[in-house]
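Visitor: For reference, the sequence and a predicted model appear below.
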Amino acid sequence: MPLRPEDLLTVGEVSRRTGVAVSALHFYESQGLIFAERTSGNQRRYPRHMLRRISLVQVAKRLGIPLSEVAEVFAGLPADRVAKKKDWELISRRWKQHLEARRKEIERLEAELTGCIGCGCLSMNRCRLLNPSDSLAEEGPGARRLPPLDI
């Protein structure tokens, strides 16, 4: 069923309604997170149901969920119609698992940090708990204990 003109929003309307900058909307579109139709004058028109996707992208960013993972879960959603409740529940369960894994990682890091501060050496070169024999130096510069952010 084709969308009616009143079901389509301009990029400015979408930006005002979501609080997301136009440039970010263009980026999300380039990443396949949202979709727009084009008018005969090549102007973007977003289906109204893209507002929910954009809102979920914002929620995911607040939760620290990488855009690549958002794209993965959105790949299973219909682009041409409103997603069903079961579709959103699937996303919710997946993100809950992601948050649980992050919580466990933070607790592990907190325990290591407490132990490290407790020993008093505060030396990354000599600390046997966090960096025995400075073995992490072999992997190159920068943080090695935390997974990289995919933003």
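Guide: That came through fine. Numbering: from 1, shown residues only.
Visitor: wait, isn't residue 54 in contact with residue 20?
Guide: Yes. Between residue 54 and residue 20 there is a contact under C-beta atoms under 8 Å: 5.8 Å. All C-beta atoms are positioned from the backbone trio N, CA, C, and that covers glycine.
Visitor: shared neighbours of these two, anything?
Guide: 14, 28 (C-beta atoms under 8 Å, 6 or more residues apart in numbering).
Visitor: Show me what the helix ranked longest in the chain is packed against.
Guide: Assignment by DSSP state H gives helix 85-119 as the longest helix of the chain. In terms of contacts (3 or more C-beta pairs under 8 Å, 6 or more residues apart in numbering; DSSP states H and E), helix 85-119 is packed against helix 50-63, helix 67-74.
Visitor: how far off helix 67-74 does it point, in degrees?
Guide: Here the directions of helix 85-119 and helix 67-74 differ by 150 degrees (axes from the mean of the first three to the mean of the last three C-alpha atoms, to 10 degrees).
Visitor: how far off helix 50-63 does helix 85-119 point, in degrees?
Guide: 10 degrees.
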